[in-house]
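# Give me the fold of what follows.
(4 chains)
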Number of protein chains: 4
Amino acid sequence: MNKIAVVGGTGYTGVELLRLLARHPGVELQAITSRAERGRPVAELFPSLRGQVDLCFSAPDAESLKQCDLVFFATPNGVAMQQVPELLAAGVRVIDLAADFRLRDADQWAHWYGMAHACPELLQQAVYGLPERNREAIRQARLVANPGCYPTATQLGLLPLLERALVHPEGLIVDAKSGVSGAGRQAKVGSLLCEASENFQAYAVSGHRHLPEIRQGLSEAAGQPVELTFVPHLIPMIRGIHATLYARLRQPMQLEDVQAVFEQRYADEPFVDVMPMASHPETRSVKGANHCRLAVHLPQGGDTVVVLAVIDNLVKGAAGQAVQNMNIMLGLDESAGLDGLALLP
Amino acid sequence: MNKIAVVGGTGYTGVELLRLLARHPGVELQAITSRAERGRPVAELFPSLRGQVDLCFSAPDAESLKQCDLVFFATPNGVAMQQVPELLAAGVRVIDLAADFRLRDADQWAHWYGMAHACPELLQQAVYGLPERNREAIRQARLVANPGCYPTATQLGLLPLLERALVHPEGLIVDAKSGVSGAGRQAKVGSLLCEASENFQAYAVSGHRHLPEIRQGLSEAAGQPVELTFVPHLIPMIRGIHATLYARLRQPMQLEDVQAVFEQRYADEPFVDVMPMASHPETRSVKGANHCRLAVHLPQGGDTVVVLAVIDNLVKGAAGQAVQNMNIMLGLDESAGLDGLALLP
Amino acid sequence: MNKIAVVGGTGYTGVELLRLLARHPGVELQAITSRAERGRPVAELFPSLRGQVDLCFSAPDAESLKQCDLVFFATPNGVAMQQVPELLAAGVRVIDLAADFRLRDADQWAHWYGMAHACPELLQQAVYGLPERNREAIRQARLVANPGCYPTATQLGLLPLLERALVHPEGLIVDAKSGVSGAGRQAKVGSLLCEASENFQAYAVSGHRHLPEIRQGLSEAAGQPVELTFVPHLIPMIRGIHATLYARLRQPMQLEDVQAVFEQRYADEPFVDVMPMASHPETRSVKGANHCRLAVHLPQGGDTVVVLAVIDNLVKGAAGQAVQNMNIMLGLDESAGLDGLALLP
Amino acid sequence: MNKIAVVGGTGYTGVELLRLLARHPGVELQAITSRAERGRPVAELFPSLRGQVDLCFSAPDAESLKQCDLVFFATPNGVAMQQVPELLAAGVRVIDLAADFRLRDADQWAHWYGMAHACPELLQQAVYGLPERNREAIRQARLVANPGCYPTATQLGLLPLLERALVHPEGLIVDAKSGVSGAGRQAKVGSLLCEASENFQAYAVSGHRHLPEIRQGLSEAAGQPVELTFVPHLIPMIRGIHATLYARLRQPMQLEDVQAVFEQRYADEPFVDVMPMASHPETRSVKGANHCRLAVHLPQGGDTVVVLAVIDNLVKGAAGQAVQNMNIMLGLDESAGLDGLALLP
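Residues are numbered from 1 along each chain as shown, chains lettered A, B, ... in the order given. Next up, the predicted model:
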């Protein structure tokens, strides 16, 4: 049985990891750390786990973590990069759910995250954990950078078009919407029910940290630089991301042919569902599940392809994709522990 | 592998049964019927089931149903009683998630449900499917009446006090609150998002159909008639029931002793969780799970016991409890297929 | 005192008209009609109006309506066009909140609304009731077509750019999001709280009825045909529209200059608020109010202008704009009855 | 024109006061203070007020406040009592929306609020600002303690029964539910959308600060001590309180007679609406309005009276009632500035 630990387990990503790992048949959860909550039973903070997770939060302790086969970091940006080198040196494999290892360029990273990177030499070694792009590299990886939620939905929606150069690489529009859980469990006025419910707004239009991550991923897929406009919005609900993606065809195509491109691209993917033409995927159809559902449109027979992509930001957009990466790294069935169905309604 | 069918699968109770049965290790879903949607793939109506449930809705056909070991009815009140006698005669076991077999008294039933009962002779034979009261009878039952959602939460909250005659059997107050999914998937103005969200109200204060069911169950537990006031309310959310229960002690007691009564009563129950004293159970702590969580209070050291009980109305209050009953009837592990954790947040 | 009637007062647009007209200092509400609810006190259906509106719903009766100075139609599409000619002939002025008179081209109308137009000769005479474009024509109009909700937000957001030809007229992207009240008060499964809350999805991507209306309005503003992609989405909340608008500059511009264009364009408009640069308008900032708030962005200094526009779909997107049009037609203060502040939180 | 100031204007009670005062015909808002936000335009923090309130937050300055006729305190508990004596001495009249002057007994106050009272001598002088009980005293008052939200709904619901001794003064059950805005605009984890939406729970069952306030008010009405159990709950929505009140009749009564008692009691009250028998008042019917709507039930013809009372916790439960008190104190029309209709849907 593989020994697993979670560093930083008090946020929404952490509790979602616990929900998935508690039922996982191939791993054993050894420790869950939280400096602030050390000693407190996990199930006291999260009563949904009563009777299922018997651990207490422990202080982050490098020696204990080194006993594990794999460690998840579900910490704020900038924490993992301080601790990962020591763990890697001890032979522990790491999946970071934060952004510390997502960008290859340390200067870009410093620019967007407002601090110098603590171990820039690891940025090239880290594997970007989008299995639909990098499955083989993930299998061998010592360090996986789990993708951001917006980047996951956006890349899955645009990869088939860019990999085959069917659309122009500039002028891409990514109009993305996220449930409030994407903002985390920190006490912030903007995330209060009375501020965020019965309301809708864009944010960070001038520049969001997921922009360089998306640009990097799409550029790699396209084999050339892509240029995009990314506008995130806040949806008055808990879970779910909906990316509405606009791209212009290089050559006229029939919708059927675009649809076929998507179906072929994801034919063997266990967690990407290309819906029938003219579908409108609902975020709730993946609530609690690790799936991404996609639909393709070509409105008024024009040259603008519209791709609709939905994921649960806490599952395929965070903890579920991390478990998927873990399964690949550990040689387990890729779907192990990820077979729960979406909760509807 | 036990062969199972669901009659009436287009409502919220039906889709929840499908979610649970699709992952159940001990049964095989043979058919799901719907007169209105016959021939339509289930996963088209409920995209959350894409890739998981491959059946199409079929017309309700007695001959096919007779090939099953057990049939669930997730139909409106008054439908099951028309079809159950024939199935029972064919040796099929039945769990009715509607109200047709919940009351023992046919006149009472006719009064509250506005129609004559089609097979009153079965009312005595039917077993009321609250495992925490009737586990042994359920094991042998041919026909199980799955309890209502409010009655489940209310009875689990008051049984320990009434079985041991610790409280007065009259003057009980049941102030209950339910998410909107309790009203079903029918298109009704009152269930529209624009009517039911950002709103709270009581309904049916003069008399709700769950009142006689609660009265019957509590009276059996008390061994004498109980008298109660039942006020249901609508919560602006999808899932969850919160019952706030008020009863007056016959003799002064310490909170610790009341707590001990509850803990002993449910010590061996897999799905009833007595929380620590002074807890306030949250409905979301059981969202999607089959648990009932309870907490006991004795405010200001007075003689009024306050019990707080939460369930997911679609799980422990409907489909989950039905699967629990099925497991008992079929000799399976009582928790089989019911081990999913609550989705939080 | 001007005599006013509302035809079709049982929907959300109708009750919003009542809310505004009940407090309006310059008009007297004579009648509110509903075939289905005739004889029933308005305040019984809408308890929020208890003590404020003493009328009963009456049958739609042409003779009574002819006694009025102005009649609002808050009816389903296709109703007003049957009754308006007779009222106009009697000298009554009309504001139609439905779509019957919004398109100038009868064939287009028939194509998008699925029926022949009953009085195509009125389509040229009807004035499109967007005061920010057509204030003078509205003043003289006998018949005003009140704009749709999406078209109001979209046009107000793009007019300054198109009127001055600052952006390319093709490749416009209108990614719009609406609260569920836009779907009306009809009992439809898709509008149930349990279907529409905790969910986000696009709809009608292949073609929505507001597309030709937007195209007509923007083309008039641009003085040439515009080509756009319009994708509407459903927000899990009651009120509010957020339009995220993307257009490409013909010539490089500084954000300050784009901002100045907007500020000049709307300097004298009582209900259009150009927010400071880098703002992210919230739908709740106009909840219950007749304002449109706009913000302009030029992300990464590129050539893609992003305009964010918010309105309350039931106020500036329907009943409020109708009252604004009425005020203009009747020579009243344009803001009369529209001075309520947004309800926040 | 009366000069008015608001001390502490950054919370929900403060912004609601601003919404009401900005449209009030008889007062002029001189200052709105906030230590943390001094110098910042009010409309920047609350964009809903753009164009309506031109003030900036100012530092709380006793000398400026002394220039006012009346000062509202919308500050946390314990602040007003430090500043009120000086203002009263200067002849300024004060309405405190916090709890500092609600209890007559300084020891009780210290017990429930966890600090010694700074000016216990004022507790007897302060008038409890429930106009339906104390209108004449309010008219003359120098210092008004604006009631809490739960106490307002509860007292209005029970006064008619207790004043006429129709029910037993012990065994009262107050099962109350509040929207999340009752918890204020502070950044607290428990008030996050992801914690409080799609959830329902009780809180503070062992003792809530509104309990002694309710007990004091009801005891005064009854002319004898009353004994009650008070259980507050959190509703997943922004605004609204629903109190479900249970009392036992001393003598058998017909529902019609109980109804008549309520109608007579509130016949002349501008803001209390006794709905027809068998009604179920909705919180949304008073959203944004200063009304309390009540309905009376006598389920199953028993001896338990059930009263349903709804208010908007920020209006009749806070800022609206404060304005009503101000109107009475200043000799204005009691409804001035309070004539907005509820926003529905």
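# Can you give me the separation between A:Met1 and A:Ala31?
15 Å (Cβ to Cβ, to the nearest Å). Any C-beta I mention is one placed from the backbone N, CA and C, and that applies to glycine too.
# Comparing those two, which residue is more hemmed in?
Legend: neighbour count by other Cβ atoms under 10 Å in any protein chain shown for A:Met1 and A:Ala31, higher for A:Ala31 (22 against 8).
# Let me know the secondary structure of A:Thr75.
The three-state assignment at A:Thr75 reads coil, by DSSP: H, G, I helix; E, B strand; the rest coil.
# Once you drop chain neighbours, what's closest to it?
In space, and not counting its chain neighbours, A:Thr75 is closest to A:Gly8: 3.6 Å by Cβ to Cβ, 6 or more residues apart in numbering or on different chains.
# ok, now A:Pro232?
With Cβ to Cβ, 6+ apart, the residue lying closest to A:Pro232 is A:Ala176, at 5.0 Å.
# Would you mind splitting chain A into its domains for me?
As assigned by automatic domain parsing, chain A contains the domains A:2-125, A:150-313.
# Centre of the chain to the first one, how far?
Meaning domain A:2-125. Averaging C-alpha positions (Cα atoms, centre = their mean, to the nearest Å) puts domain A:2-125 15 Å from its chain's average.
# Quote the end-to-end distance of that domain.
23 Å (Cα to Cα, to the nearest Å).
# Please enumerate the strands of the stretch 1-150 of chain A.
A:2-7, A:27-33, A:57-58, A:70-73, A:93-96, A:127-128, A:143-145 (DSSP state E, counting those that start in this stretch).
# Equivalent analysis for the stretch 151-300 of chain A, please.
A:172-179, A:201-202, A:228-235, A:241-248, A:272-274, A:292-297.
# Check whether the shortest one comes into contact with chain C.
Yes: using Cβ under 8 Å from any Cβ of the partner chain, we find that strand A:201-202 touches chain C at A:201-202.
# Which other helices and strands does that strand contact?
strand A:228-235, strand C:241-248, strand C:304-311 (3 or more Cβ pairs under 8 Å, 6 or more residues apart in numbering or on different chains; DSSP states H and E).
# Same list (the ones you listed) but as JSON lines, adding mean neighbour count and mean pLDDT.
Below are these laid out as JSON lines (neighbours: other Cβ atoms under 10 Å in any protein chain shown; pLDDT from 0 to 100):
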{"stretch": "strand A:228-235", "mean neighbour count": "24", "mean pLDDT": "98"}
{"stretch": "strand C:241-248", "mean neighbour count": "25", "mean pLDDT": "98"}
{"stretch": "strand C:304-311", "mean neighbour count": "26", "mean pLDDT": "98"}
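# closest one to C:Leu18 among the ones you listed?
strand C:304-311 (19.7 Å; Cβ to Cβ).
# Relative to the closest one, what are the paired strands and their orientations?
Within its sheet, strand C:304-311 is paired with strand C:241-248 (antiparallel), strand C:292-297 (antiparallel), according to DSSP bridges.
# about what we covered before: between the strands of the stretch 1-150 of chain A, which gets nearest to chain D?
Closest approach to chain D among those (Cβ to the nearest Cβ): strand A:57-58, 15.7 Å.
# Quick check: mean pLDDT of the closest one?
Mean pLDDT, strand A:57-58: 96.
# Equivalent analysis for stretch A:161-173, please.
Mean predicted confidence for stretch A:161-173 is 98.
# Could you list the buried residues of that stretch?
By 16 or more other Cβ atoms under 10 Å in any protein chain shown, the buried positions in stretch A:161-173 come out as A:161-163, A:166-169, A:171-173.
# close to chain C, is that stretch?
Yes: using Cβ under 8 Å from any Cβ, stretch A:161-173 reaches chain C at A:171, A:173.
# Any idea how far that stretch is from the middle of the chain?
Mean-position distance between stretch A:161-173 and its chain equals 22 Å (Cα atoms, centre = their mean).
# For stretch A:197-216, which residues meet the burial criterion?
With the criterion 16+ other Cβ under 10 Å, stretch A:197-216 contains buried residues A:197-202, A:205, A:208-216.
# Which members of the residues you listed define the maximum pairwise distance?
For these, the farthest-apart pair by Cβ to Cβ is A:Glu198 and A:Gln216; their separation is 36.0 Å.
# tell me which parts of the stretch 1-150 of chain A are close to chain B?
So the stretch 1-150 of chain A meets chain B at A:12, A:15, A:19, A:22-23, A:46-52 (Cβ under 8 Å from any Cβ).
# Kindly recompute the last result at 10 Å.
A:12, A:15-16, A:18-20, A:22-23, A:43-44, A:46-53 (Cβ under 10 Å from any Cβ of the partner chain).
# Give the buried subset of these as a ChimeraX selection command.
To isolate the buried ones among the residues of the stretch 1-150 of chain A next to chain B in ChimeraX, judged by 16+ other Cβ under 10 Å, type:
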select /A:12,15,16,18,19,20,22,23,43,46,47,48,49,50,52,53
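# Which of the residues of the stretch 1-150 of chain A next to chain B fall within helices?
A:12, A:15-16, A:18-20, A:22, A:43-44 (DSSP state H).
# and those residues, which two are the farthest apart?
For those, with distances taken as Cβ to Cβ, the pair at the greatest spread is A:Leu20 and A:Glu44 (20.1 Å).
# Return the residues in contact with the residue of the stretch 1-150 of chain A found nearest chain D.
Of all residues in the stretch 1-150 of chain A, A:Tyr12 sits closest to chain D, at 6.8 Å by Cβ to the nearest Cβ. A:Tyr12 sits next to A:74, A:180-186, A:238-239, A:313-314, A:318-319, B:344-345, D:192, D:194-195 when contact means Cβ atoms under 10 Å, 6 or more residues apart in numbering or on different chains.
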